[in-house]
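> Return a 3D structure for these sequence lines:
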Amino acid sequence: MDSMKLKPSAGQLAFLDWEFGVFFHFGIRSFFLGHKDWDNRPMPAEAFNPEKLDCEQWIRTIKDAGATYAILVCKHHDGFANWPSKYTDYSVASTPWKGGKGDVVREYVDACRKYGLKVGLYYSPAQWGGKISFKEDREYDDYFINQIGELLTGYGKIDYLWFDGCGSEGHQYDTDRIVKAIRGMQPEILIFSMWDPDTRWVGNEDGYAPMPNFNTTADVDFSMLATEKEKLAHAKFLPSECDFKMRSTWFDCELNEDTIKRECPHQHRPRQARPAARKGRSAPCGVRQYAQGALRSGAALRRCGKDRRQRVEHRHGRLQHRVRRGRKGQRAGQPRGHPRGYDRRRGH
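Numbering: from 1, shown residues only. Okay, the predicted model is just below:
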């Protein structure tokens, strides 16, 4: 397919204007200092008890920083569900928090709607925790679709479904069945990265996009652990998204406040790379909440938002200057937008 003929959907065009979002990594891992992805160390649900959970504080803070969308980890690789899923006993329903009646996803979605932010939900297709076996393909697909179904039918319109490819290397999903179910439940939803994507991962977690960074591609990065890109059936229009951490880890399970970023990634720009928040790519910034449920990276996040706004305003000002300068250089009767010396008959 000729990439020059590829066109974005209405949802993709809207996504290009989201530009800046915030990623909330919060769950059972928040209560286990020093645990790592895929370490198989037990994390009993009884430890989850965020007595001061305040999703409205999260969303107010990121809106003040200029974010237009948010993404919440609903289920990470550990399998713990941040909502009372009927398909696992490893969820908020098995915790002491609110007597097992709490629902982090509900409080987060309600806060996003109250403050006017787009709602994104993260779901890890792969997991090692819980009783379901990842090795039983058909059984796991049923579990996958059932849980996604709870998220996509129980919380109103969801704008963005964020799939993390880590751990799915080599696993066989019934992708046609999964995609059909998702599109049937939420026809307008945008899917990140996997199977039938509307957006793609930029390939790193540092907030940088390589240059050039075209919006059309025939292969995509999908996992930090993958050794090669995933080939698409044909080239697609897929704007990239650059995620980055505010600290050295995604979850608040390390004593690493000394690693909080004091400046946004664009201020430490390597050669041949560009910052995430440019037209044609969006940037979800990963912030963390301490175990009791309040956001602690507010000041750093506001600095990041301020830096981003100043950069965008500066870029916009330079663009307007070029437009004005071009208009002044036009001669009477010369086609608008063509340089001085343009010959209408010859076309150059």
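> Which element, helix or strand, includes residue 148?
Per DSSP states H and E: residue 148 is located in helix 137-153.
> Now for the residue lying closest to residue 95 once chain neighbours are set aside: which residues touch it?
Distances taken as C-beta to C-beta, 6 or more residues apart in numbering put residue 48 closest to residue 95, at 4.1 Å, once the chain neighbours are dropped. C-betas here are computed from N, CA, C, even on glycine. Going by C-beta atoms under 8 Å, 6 or more residues apart in numbering, residue 48 touches 27-28, 31, 80, 92, 95-97.
> Generate a PyMOL selection restricted to the buried entries among those residues.
In PyMOL, this line selects whichever of those come out buried by 16 or more other C-beta atoms under 10 Å:
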select buried, resi 27+28+31+80+92+95+97
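> Which members of the contacts of residue 48 are the farthest-apart pair?
Within the contacts of residue 48, 27 and 96 form the most distant pair, 15.3 Å apart (C-beta to C-beta).
> elements contacting the next helix or strand after the helix holding residue 148?
Using DSSP H and E, the next helix or strand after helix 137-153 towards the C-terminus is strand 160-163. Where contact means 3 or more C-beta pairs under 8 Å, 6 or more residues apart in numbering; DSSP states H and E, strand 160-163 is packed against strand 69-75, strand 118-123, strand 190-192.
> of all these, which lies closest to residue 242?
Minimum separation from residue 242 across the helices and strands packed on strand 160-163 (C-beta to C-beta) falls at strand 190-192, 12.0 Å.
> Quick one: low-confidence residue ranges for this protein.
1-4, 167, 222-228, 247-348 (pLDDT under 70).
> what about the helices in it?
Secondary structure of the chain (DSSP state H): helices at 10-15, 55-64, 104-115, 137-153, 175-185, 298-328.
> Next, count neighbours for residue 133.
Neighbourhood size, residue 133 [other C-beta atoms under 10 Å]: 10.
> what does residue 212 give?
With other C-beta under 10 Å as criterion, residue 212 counts 7.
> Any figure for the gap between it and residue 200?
Plainly put, residue 212 is 15 Å away from residue 200 if you go by C-beta to C-beta, to the nearest Å.
> got it, and residue 135?
28 Å.
> quick one: which of the two has more around it?
residue 200 (24 against 8).
> For the more buried one, name its beta-bridge partners.
residue 240 (DSSP bridges).
> Make sure it is actually in contact with residue 241.
Yes - in terms of C-beta atoms under 8 Å, residue 200 counts as a neighbour of residue 241; the distance is 7.1 Å.
> Mutual contacts of the two, please.
Common contacts of residue 200 and residue 241, defined by C-beta under 8 Å, 6+ apart, comprise residue 192.
> Can you dump the C-alpha atoms of stretch 82-90 in PDB for me?
Coordinates of each C-alpha in stretch 82-90 appear next as PDB, following Å, rounded to 0.1, in the frame of the first residue of the first chain:
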ATOM      1  CA  ASN A  82      -7.700  -2.600  40.400                       C
ATOM      2  CA  TRP A  83     -11.500  -3.200  40.100                       C
ATOM      3  CA  PRO A  84     -13.700  -5.900  41.600                       C
ATOM      4  CA  SER A  85     -13.300  -8.400  38.700                       C
ATOM      5  CA  LYS A  86     -15.600 -11.400  38.800                       C
ATOM      6  CA  TYR A  87     -13.000 -13.500  37.000                       C
ATOM      7  CA  THR A  88     -10.200 -13.500  39.600                       C
ATOM      8  CA  ASP A  89      -9.900 -13.600  43.400                       C
ATOM      9  CA  TYR A  90      -6.800 -11.400  43.100                       C
END
